[in-house]
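Asker: give me a 3D structure for the following:
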Amino acid sequence: MSTARRTTGYAPRNALNAGALKAGIAARSQARGDDAAVRAWLLNHFYRHLVANFEPAVKIDSLDGARQALRSEAMPEWVAARFGAPAKASGEAAAPPAPVVWVDPVEPRLLALEARLVELLTSRKGTALDGKLDRITCPQALALWDKEHAEMATRIERGWRQSQPEALRTLLPTSHGVFVELLPDSALLRAEMAFESYVMRHCLGQFFDRRALSGGYGERYAEAVAQQRLRLLSFRDGNGQPHITISVHVLANGALTVDQVKGKQNRPPIARYVEDVLACLNALGTDEETPDDCIAIGVVRTPAGWARIEDVADATTQTRLVARYPQLFVRLSAPTPMVEWLVAARQPGLLAERSPMAASVRYATRQMPGAGDAEAVVATEGVPWPDISLSHAAQIQASPSRGIAERQIG
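Answerer: Next up, the predicted model:
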């Protein structure tokens, strides 16, 4: 993303899946309840930034590439015209056409970027920029977010606010401390948010006016808590010092979905407190969504509740988990053969980090010579898997006879 950040405009590119990108932005904005001005900005500047500057975009340079990216979706007419026939020769050299890209509408980095921008835009409510958002390009907004957070880090070092016990209620004692919840109807809510931010070094309680505790990022969170759309939890030690901040969205039907789980300076909570986090999340009774913050500390939501990834043993749960988060395969203590087959089919490169336990999978991913080549490649049914090194392939070749027997049995 660094290259995209340095420009102030939008590069000339065309999106193969423009409709899906806009539809995703609009649906998420509606679900969040964004103001009309924020939604309009996202559908204009954020959309243009994704098409023009988003680095994880897949470059499309042929009809075959377009078909692979679109899968079952209909091929836009302009794409067929762009790649379907060679350009006619002319007396003057024609300017090269704008590149074509496909952007995953639910790419995690895209969603994280959108969340950052929504935080910035909603913090402008009631300021001089309110009503003038359309004048700010997406790269300019991102630069402003970076600048303000750098300044915020400096301002945090100044001043101090004492914790306000009247603004808290005890939610869950644990072996290392206690989870408390910031009360939505407390007159000291904002002061407690400011204290949490000071100690934790994040933007939860950072207000533009530090005396009146109003405006800025803190305003957005304070309003959401007061309207009971968001619950804020803090894990405090025996001295009352925060170590973890958890935010939980309250959905329209009353269900809870975990938003963020942050340690100090927005880092993942330290390993010592993982069991405490699990106890808290299970006590809350959240829905089955698992945010990236939880994956970062190695915990996931399963049908049976929150658990460490290493402890997920149920075959169906493992399969669903790895289908959605393939990178978690290497953390399972005892992956089932079904999970290993799933990884072999979808992300065989992960087998380089962890050798399959199932003999059938080891045999299927054995080293096989490439036809007519001096070098050998790893292949399954004739399809090469370049992500697996030859040295690793030699290790997983193991005992083919046992693999055949297991495949026949299972």
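Asker: longest helix anywhere in this protein?
Answerer: If you go by DSSP state H, the chain has its longest helix at helix 138-156.
Asker: how far off centre is whichever helix or strand comes after that helix?
Answerer: Next along the chain after helix 138-156, taking DSSP states H and E as the criterion, comes strand 168-173. Between the centre of strand 168-173 and the centre of its chain there are 29 Å (Cα atoms, centre = their mean, to the nearest Å).
Asker: what do you get for stretch 96-112?
Answerer: In this view, stretch 96-112 has its centroid 15 Å away from the chain centroid, taken as Cα atoms, centre = their mean.
Asker: quick one: buried residues of that stretch?
Answerer: 100-105, 110 (16 or more other Cβ atoms under 10 Å). For every residue, glycine as well, the C-beta is placed using N, CA and C.
Asker: and it, what's its mean pLDDT?
Answerer: Taken as a whole, stretch 96-112 has a mean pLDDT of 89.
Asker: any idea which helix or strand in the chain has the lowest mean pLDDT?
Answerer: Between all helices and strands in the chain, the lowest mean by mean pLDDT, DSSP states H and E belongs to helix 400-409, at a mean of 36.
Asker: before we move on, back to that, what's the closest of the buried residues of stretch 96-112 to Arg201?
Answerer: Nearest to Arg201 among those is Leu110, at 26.2 Å by Cβ to Cβ.
Asker: my guess is that closest one meets Arg116, correct?
Answerer: No - applying Cβ atoms under 8 Å, one finds Leu110 not in contact with Arg116, separated by 10.9 Å.
Asker: returning to what we had before: ok, residues contacting the longest helix of the chain?
Answerer: 4-10, 45-46, 48-49, 53, 113, 116-117, 119-121, 136, 197-198, 201, 203, 206, 210 (Cβ atoms under 8 Å, 6 or more residues apart in numbering).
Asker: Three-state assignment for Phe235, please.
Answerer: strand (DSSP: H, G, I helix; E, B strand; the rest coil).
Asker: just say helix, strand or coil for the closest residue to it other than its chain neighbours.
Answerer: Once flanking residues are discounted, Phe235 sits nearest to Ile244: 3.9 Å by Cβ to Cβ, 6 or more residues apart in numbering. Put simply, Ile244 is strand when judged by three-state DSSP.
Asker: adding secondary structure, write the buried residues of stretch 96-112 out as CSV.
Answerer: Below are the buried residues of stretch 96-112 laid out as CSV (three-state DSSP):
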residue, secondary structure
Val100, strand
Val101, strand
Trp102, strand
Val103, coil
Asp104, coil
Pro105, coil
Leu110, helix
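Asker: could you dump those to CSV with distance to Ala296?
Answerer: Below are the buried residues of stretch 96-112 laid out as CSV (distance: Cβ to Cβ, whole Å):
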residue, distance to Ala296
Val100, 34
Val101, 28
Trp102, 27
Val103, 24
Asp104, 20
Pro105, 23
Leu110, 18
